[in-house]
Every structure is written in structure tokens, then in C-alpha cells.
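Asks: Below are the sequence and a predicted model for it; my questions follow.
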Amino acid sequence: MASFDAITALIPTLAGRVGAGASASDVQVVIENLGDEEAVAVRREAGEVGRLIEQIQLISAGVIAQRSYRESGHSGLAQRLGHRSAVSLLQELGGVTKGDAARQVRVGEALVAAPVQGEPSEEVAVGQDETAAPWYTCLSVALREERLSSAQFDAIRRGLGDPPDGASEAWEHAALQLTDEAAGRTVEELLAQARTIRDLLDPHGAEERFLARFERRSFRTFLDHDGMRRASIAFDDEGGAFVESIFAAALRPRRGGPRFVDPDEKTLAMGLAEDPRTNEQLAYDLLLDVVRAGTLAEPEAVFGTRQAGLRLVRVDASDDVPGPVAFTEDGLTALPAAVAERRMCETGVVAVTVDGCGNPLDVGRESRLFTARQRVALAIRDGGCRWTGCDRPASYCEAHHIDEWHRDQGRTDIDRGILLCRFHHMELHHGGWTITRSARTPGCGPGDFVLHDSAVRVRVLRERLPLRYLWGDIDPPPRRFRPAA
């Protein structure tokens, strides 16, 4: 049985500070007496040790799962220990939820199935081609090298799904690019980006999946044991995005939306921020208001000046992009081209011309604040808050002038603006951080946005990976899957 003093000996900042036989309370006292930088170092170092331990857990989970296949019947490992499946056994061994145990099995099986780096796979050993290795072997390698966590591995693996016949090389290429993206994205956003990229690579399969989810749409109400009526809703892609846009438009001030708005909306936003109702109660009241009002509603009375609605971005076909392609402005959810065509007939279009790297060309200086058309262009280019690790969508962002309006006589031009969520916009100004833009890239206008923090470190603020696919900012997969005619 491992002890706290043995474990802390593996953590450099704690090594030598915890005595033999120490308890969790003793370790807590030591950490509480550390300075800020040392406390952060302990967490970082403990995470590194934890990832190594996690790999052992995952490999053992994969082996247990392999020895507990249903085909083994009651002779399977988990079954012999009184469990229906490996997931059930791992729940008991680790005291984890069913979802966590299932993830350990998925990742563990993938790790065990992938060939160990530097050694031939079993298939290669008996004379088969090396291409027999799974397309996600690169993810297993990244997990072993601690460049991915198990949650990040699972998000990319599940998000991309299994490739169509003949498309394994493209899927592996996408997996490598998502691995590079993982350090600066939340697991949830990594999963969403993987799904979007899968749909961009496989537009035929994307439409089939869209239609399958559409068929599963449902709404039902029921009474609970207290006599309270409840509801269960399963949204299709377009309907879910539309409903989310309604709630986002109405509740944005409570959720950390933009502050730089016109005076009337600012007054409404202050009133909403001070409203004693919870966000869930506000959402409920909003839903009933919309249902009651129906077609007779005055939208301004419900939503203020920021109208609710689902904005789609359509990218016309080119040599690099099988198209047309459409995706939601918030969330970058890929949708079939037919959906974009129908919505264009219903609501019209706002044309935005971009160069080969996704930089909008329709720029200008009209006022201190970016105009509505300029914000559309920024949303198309940035996809949301550009701050590393932030997943706030475009509708929750403010347009930041990288050249100060007063100090630098900055222009309200798109190529000198960048989308930041409210929190990170305030962090930038109050923390004394700055954003610059690197030199122009031939044929692609201005270069990367670069963040300079208070510790004199720099990092590149990249747009979402699906957008870089669309604009050709990164090398595309070696071949895009196209279904046979």
C-alpha cells in the first residue's frame, strides 16, 4: 500500500517536506504553508505523476476489458469476479461513475490494441502491412508521451468516430492536428471540434448523421411524484442551436456577455443582472413568454436590441473544400448544405468576402465601436474568444482593439480587432497584458495575433481548428473522403 511520504517523494516541491507516516492532513498543512508559485508547482508536478499513474490504470483497464469480452461468457475475468462487464468491475475497483469506468475501458482498449512505439504490432510480426495499425495509434502514442490526457484522448477518438472505407489516412492526419490543439482547448471544445472536422471530411456521412438525429427529435411532458409537470426534449441539430440562440440572446448579460452596447440595452442588461431569479427560472419564464406571445410578440420587449436567431456561415465550394459547407456561428456545428440553402431563402444573406487565410476583406473605420457587419466578419474569422483555453462563442465576445483607441490612435479595422469574451477582455486590460499582430504573410494579409502576458511570455492566439481547415491555414488531410458515385 502506497503511503503519502512515498508519493510526495515523487513531487519535487514536496520532496523532503513530508515525514514518514504522514496523513492527508499533514500534507495539507505543508501545502497551505507554501507560497503561491510553490502551490501551483505542486499541482503541476502532482498532475504529471497522476498522468503516469493514470496510464497504468488505463492499460490495466484495457487488459481487464479484453479478458472480459461477452464471448467469454462466465469464464471472462469480470464475470468470474461476479460482474456483468469490465465496466461494472472497474466501478467497484475505482469507486468511479459508470461513465468514468466506460471511458477507462474505451481508452484502455485503444491503448492495448495500438502497437507499442518502436515495436512492430502483432499483425506486422506475422507478415502483414504496417497500415494494419489503427488510425488512432497516434493518439495512443500522445497519451503514452503525456501530450494527451485520457479525457482528451477520448474526446478526439469519439468526436472523429470511425472513418469511412479508404479514409483512415485523413482521420489520422486530423487526429494529429487535434492533438496539437489539445493543450489550448477544453475537453468539451475539443470534442465539438473533432465532430465538426469529421463532418467537414465526410459531408455525405454528415448529412446521414444529421438526418438520423433529426428523426430522434422528441418532446414529452410527464408528472413527477410530487405532481409537478416536467418535460423531456431531444433536439435535432438546427432546432437545438436555434433554441440555444434564444436563451443566449436573453440571458447573455447574466452569462458574461458583451458590455459595450448601446445605452438602452445597457440599462436592460443591468436590470437583468440584478434580477433575483436564478438563470434557470429566467430561462423558464422566457420560454413561456415566447410560447404565449407566438407570432404576436414584439421581439424588442423580450430580447432587447440583440435579437435572437440562428446565424449560419456558408462557405462556397472551392478546390479545397467540398461544398457548399455550412456551420453555426456559435459552436461551429456543421450542418448539411441543404439547411443553409433553406435558411437563405427564409432570411437572406450577409455577404462577407475573405482571403485565402480567412481574413475578412470588407474592413473600415466608422466609429469607436465595431459595427454589426464588422462583428459578423470577426465572428467568421475567429469563431469565438481567441484566448487560449477559452470556449466562449462569438455572441458572448467583445471586439478588442489591439491598438488602443486613444493612446495609439487605433483604427476600428477588422485586421486590428480580435474577439475576446468579457472575462478575458477585462483580464487583458486590468492585468497589463497586450496583444500584437505579427508581420504580414505573403498572400494572407496580417499574421498571427500574439499575447504578451505580465511575465513577459508570449503565445499565439489561434482561431478554431475547423476554421483553419476551411481557410487552408493548415495543411489539409492527405485526401478528403468522397463517397463513391
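Replies: Okay, I see it. Residues are numbered from 1 along each chain as shown.
Asks: From now on I want contacts and neighbour counts done on CA atoms only, so please keep to that.
Replies: OK.
Asks: what about the closest residue to residue 231 other than its chain neighbours, which SS state?
Replies: The shortest distance from residue 231 to any non-neighbouring residue, by Cα to Cα, 6 or more residues apart in numbering, is to residue 221 (4.2 Å). Classification of residue 221 by DSSP: H, G, I helix; E, B strand; the rest coil places it in strand.
Asks: so how far is residue 233 from residue 221?
Replies: Residue 221 sits 9 Å away from residue 233 when distances are taken as Cα to Cα, to the nearest Å.
Asks: low-confidence ranges in the stretch 301-450 of the chain?
Replies: Scanning the stretch 301-450 of the chain for pLDDT under 70 picks out the ranges 301-310, 315-325, 345-372, 404-412, 440-446.
Asks: quick one, helices of it?
Replies: Assigned by DSSP state H, counting those that start in this stretch, the stretch 301-450 of the chain shows helices spanning 337-347, 372-382, 422-430.
Asks: for those, which one ends up most surrounded?
Replies: helix 372-382 (a mean of 21; mean count of other Cα atoms under 10 Å).
Asks: Which secondary structure elements does that helix sit against?
Replies: strand 417-421 (3 or more Cα pairs under 8 Å, 6 or more residues apart in numbering; DSSP states H and E).
Asks: The strand it packs on pairs with which strands?
Replies: Here strand 417-421 is paired, per DSSP bridges, with strand 397-401 (antiparallel).
Asks: Next SSE downstream of the longest helix anywhere in the chain?
Replies: When the chain is parsed with DSSP state H, its longest helix is helix 36-66. Sequence order places helix 77-80 as the next helix or strand after helix 36-66, per DSSP states H and E.
Asks: And that following helix, what's buried?
Replies: 77, 78, 79 (16 or more other Cα atoms under 10 Å).
Asks: Can I get these in TSV including distance to residue 211 and pLDDT?
Replies: Converted to TSV, these look like this (distance: Cα to Cα, whole Å; pLDDT from 0 to 100):
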residue	distance to residue 211	pLDDT
77	40	91
78	38	90
79	39	89
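Asks: Could you export the residues you listed as JSON lines, including distance to residue 66?
Replies: Output for these, formatted as JSON lines (distance: Cα to Cα, whole Å):
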{"residue": "77", "distance to residue 66": "9"}
{"residue": "78", "distance to residue 66": "10"}
{"residue": "79", "distance to residue 66": "12"}
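Asks: residues in contact with the spatially most central residue of the chain?
Replies: Centroid check for the chain by Cα atoms, centre = their mean gives residue 189 as the closest residue, at 0.5 Å. Taking Cα atoms under 8 Å, 6 or more residues apart in numbering, we find residue 189 in contact with residue 391.
Asks: In which helix or strand does it reside?
Replies: Assigned by DSSP H and E, residue 189 falls in helix 187-201.
Asks: buried set for that helix?
Replies: 187, 189-201.
Asks: Kindly report the same for stretch 96-103.
Replies: Neighbour count says stretch 96-103 has 100, 101, 102, 103 buried, by 16+ other Cα under 10 Å.
Asks: Check stretch 17-33 too.
Replies: Using 16+ other Cα under 10 Å as the test for burial, stretch 17-33 gives 18, 27, 31.
Asks: My guess is the first one contacts residue 28. True?
Replies: Put plainly, it is residue 18. No. The criterion here is Cα atoms under 8 Å, and residue 18 misses it with residue 28 at 10.1 Å.
Asks: what packs against the longest helix of the chain?
Replies: Using 3+ Cα pairs under 8 Å, 6+ apart: helix 36-66 touches helix 77-80, helix 86-94, helix 98-113.
Asks: try 7 Å this time
Replies: Counting contacts by 3 or more Cα pairs under 7 Å, 6 or more residues apart in numbering; DSSP states H and E, helix 36-66 is packed against helix 98-113.
Asks: what angle separates the helix it packs on from helix 36-66?
Replies: Angle of helix 98-113 versus helix 36-66, following axes from the mean of the first three to the mean of the last three Cα atoms, to 10 degrees, is 70 degrees.
Asks: What lies in contact with helix 98-113?
Replies: 58, 59, 61, 62, 63, 65, 87, 90, 91, 140, 150, 154 (Cα atoms under 7 Å, 6 or more residues apart in numbering).
Asks: Please identify which pair of those lies farthest apart.
Replies: 91 and 140 (23.1 Å; Cα to Cα).
Asks: More neighbours: these two, which one.
Replies: Higher neighbour count among residue 91 and residue 140: residue 140, with 26 against 16, using other Cα atoms under 10 Å.
Asks: The more buried one: which element?
Replies: Going by DSSP H and E, residue 140 is part of helix 137-144.
Asks: Report the angle between that helix and helix 36-66.
Replies: Using the same axes, to 10 degrees: helix 137-144 against helix 36-66 is 130 degrees.
Asks: Beyond helix 137-144, next helix or strand please.
Replies: Assigned by DSSP H and E, the successor of helix 137-144 is helix 150-160.
Asks: relative orientation of that next one and helix 137-144 in degrees?
Replies: Using the same axes, to 10 degrees, the direction of helix 150-160 lies 170 degrees away from that of helix 137-144.
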